[in-house]
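*Asks:* Need coordinates for the below:
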Amino acid sequence: MAALLNPEEYQRVVLQSGEMVMAPSMLGGPSQLVVGNGDHAKAVMAGRGDAGLTYSNNSISPQITALFGEHALVMIKDAARHKYLRTLITPAYTPESIAGLVPRMEAVVAKHLGRWAGVQGGEVKAHEELKLFTFEFIVAVVLGHDYEDAQVMHMMRLYQALVSGILGWPYMELPFTPYGRAMAARRQLVAMFQEAVNGARVHLARGEALAGVVGSLVTAEDEEGNRLTDVEITDNLLLVLLAGFDTSSTTLTAVLANLQQHPAAADKLRGEQQAVLAKHGPGLSAAVLRDMPYAEAVVRETLRLSNVAMAIPFIQLAKNDPRWLDDEPEQFRPERMLTPEGLKPGWLMPFGHAPRYCVGATLALSEMKVFLALLLRGYEFECDADTRWSPGALGKVPRNGLPMKIARRA
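*Replies:* Predicted coordinates:
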């Protein structure tokens, strides 16, 4: 359980004895090999049998597979099947596809920043508010539809019931067990996603424009004319929610804390936005996001220090990256990500590698860059980052919830 409840400490302790350590089973699966070398980790994710290392999901129980969905990319072991699905899914997340989603991204971010600034006293608990923001962001952008706040909260409660089933051992699907409630929540979420798929297919039949990631998935077709089935689409829409919700909210929480503790970095972000405004004007676009290298460096440096992945030991790999061992690796320094060495992936792999690279990485980075752009352009903020951070399955979270005072800039 330590691997799930405190992965950073688990990885540190397990890897003290070597670069490859046989660790106990997790979630009812067999024992697993934990690797502490970036090159070995890349070989695992690349499925390099010639290196004696291959990716396997055998350590995941059938019950967990049922929660995520057997057609979700992360659950698929067979290389040919994985390649087939990835080929059909990837076009929905290319920079060109993401470019069409930027207006909706901007609208969701603006809505939440405006609401925070309008709170009595202008203070919010940033970590909790970022959870609500990232959840609505994913739902609106992925499904291509703006939902009422009550609908978003209902879906969020279903999601919370779903993820509670991951640690809901014993995995018995009964109405009164956490796992049973998780599977019931999953069925409701999938039904909502199916409505979005049905709607997209209706628009497609009428020759109308399709919105959101779901629209791209419905129209995806490979060279042989194969298309995704409804269950393949809904399983992978659910995966986006599972993979992108807590990870994004936790990362943005850490970003805000880092900016509070390093005001020079916040000043550089504001300067970058002034340059972007002078070049592109006030609207956001894919071109604007491309001209935000320092914002991306802030995110990548935050991920280096506060990695949220828990599978292959990405946390320890990032901390032990040979590029930074002689360059104060524990310090927050976004500038290192803009150097020739920093522009290489190295051992920093928050989104995975090769065939196991997260297809939604561009969407996640775009989300955080849109958030930073609108925050630094239009608001003054101050966070109480003087707090202890508790370990969790998806990174560390502030015990005080990260209180943040936020007000519109004059």
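
*Asks:* State whether Leu303 is indeed within a helix.
*Replies:* Yes - using DSSP: H, G, I helix; E, B strand; the rest coil, the secondary structure at Leu303 is a helix.

*Asks:* so who does it touch?
*Replies:* Residues in contact with Leu303 (Cβ atoms under 8 Å, 6 or more residues apart in numbering) are Thr251, Ala318, Leu348, Pro350. Quick note: C-beta positions are derived from backbone N, CA and C, even for glycine.

*Asks:* Report the buried residues of stretch 97-109.
*Replies:* Ser97, Ile98, Ala99, Gly100, Leu101, Val102, Arg104, Met105, Glu106, Val108, Val109 (16 or more other Cβ atoms under 10 Å).

*Asks:* Quick one: residues contacting Ala99.
*Replies:* Taking Cβ under 8 Å, 6+ apart, one finds Ser285, Ala286 in contact with Ala99.

*Asks:* Could you check the pLDDT of it?
*Replies:* As predicted, Ala99 sits at a pLDDT of 94.

*Asks:* Lys405 now?
*Replies:* Reading off the confidence values, Lys405 has pLDDT 97.

*Asks:* So which bits of the helix or strand where it lies are buried?
*Replies:* Taking DSSP states H and E as the criterion, Lys405 maps to strand 403-408. In terms of neighbour count (16+ other Cβ under 10 Å), strand 403-408 has its buried residues at Pro403, Met404, Lys405, Ile406.

*Asks:* before we move on, what about stretch 66-78?
*Replies:* In stretch 66-78, counting by 16+ other Cβ under 10 Å, buried: Ala66, Leu67, Phe68, Gly69, His71, Ala72, Leu73, Val74, Met75, Ile76.

*Asks:* Also stretch 188-208?
*Replies:* Within stretch 188-208, the residues that qualify as buried are Leu189, Val190, Met192, Phe193, Ala196, Val197, Gly199, Ala200, Arg201, His203, counting by 16+ other Cβ under 10 Å.

*Asks:* My read is that the second one contacts Ile233, right?
*Replies:* Spelled out, it's Val190. No - contact between Val190 and Ile233 fails when scored by Cβ atoms under 8 Å: they sit 10.2 Å apart.

*Asks:* And for the residue lying closest to Ala92 once chain neighbours are set aside, the neighbour number?
*Replies:* Leaving aside its chain neighbours, Ala92 sits nearest to Ser216 (3.5 Å; criterion: Cβ to Cβ, 6 or more residues apart in numbering). Counted with other Cβ atoms under 10 Å, residues neighbouring Ser216 total 23.
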